[in-house]
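Engineer: task: produce atomic coordinates for the following.
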Amino acid sequence: MSSVIINSESGRNFIQIERIEYEERHPSYHFAISINQTPFQGAMNIWIEAPAFKLFLEELAECEQTRRGEATLVSMSPDEFRLRIFNTHSKGDFALTYALRDYRGKFPPQLQGGFELDVSVFQQILRDFTELGYAHHHR
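Structural biologist: So this is what the prediction gives:
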């Protein structure tokens with residue numbers, strides 16, 4: 001299985017996105033999301049439509065190239081998972097925000113937050129996401 005791990009600048013917090021499967025009939029990805037932002041953590045499985053993932057890759061590539069802008073990844077159930085990677089100022093620094101929510105039940109648990117990224121690994125993050133998106137072609 002392919003995965004992406006995005007670490008915070010401090011190295012104490014991370015988001016891991018692991019591909020479980022790719023659905024050919026309704027082009028979409030099934031991902032396992034794990035988030036650790038000390039002292040909180042959460043994990044669940046979500047679905048993302050293939051066109052939305054492709055758009056996120058394009059936005060992320062633009063961010064990596066220009067050191068500006070933002071890239072947003074949203075699950076098929078929009079309140080379930082959201083990841084936003086964005087430029088914080090003109091020096092080219094980036095941060096991310098996330099929201100993970102289990103919408104089932106009367107009082108749905110949720111985890112949201114964010115952290116600054118280590119921009120020295122931005123290119124690796126882009127490569128890992130690209131591999132995550134195209135790995136289904138190499139089964």
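Engineer: and the gap between the residue most central in space within the chain and P108?
Structural biologist: Closest residue to the average C-alpha location of the chain: L83 at 5.0 Å, with CA atoms, centre = their mean. Here the criterion is CB to CB, to the nearest Å. By it, L83 lies 19 Å from P108. Quick note: C-beta positions are derived from backbone N, CA and C, even for glycine.
Engineer: in the protein, which spans are strands?
Structural biologist: Under the criterion DSSP state E, the chain contains strands at 3-7, 14-23, 28-37, 40-49, 70-74, 81-87, 94-101, 110-116.
Engineer: report all helices and strands that the longest helix along the chain contacts.
Structural biologist: If you go by DSSP state H, the chain has its longest helix at helix 50-66. Counting contacts by 3 or more CB pairs under 8 Å, 6 or more residues apart in numbering; DSSP states H and E, helix 50-66 is packed against strand 28-37, strand 70-74, strand 81-87, helix 122-134.
Engineer: next, count neighbours for L100.
Structural biologist: The number of residues packed near L100 is 23, by other CB atoms under 10 Å.
Engineer: this completes my enquiry, with thanks.
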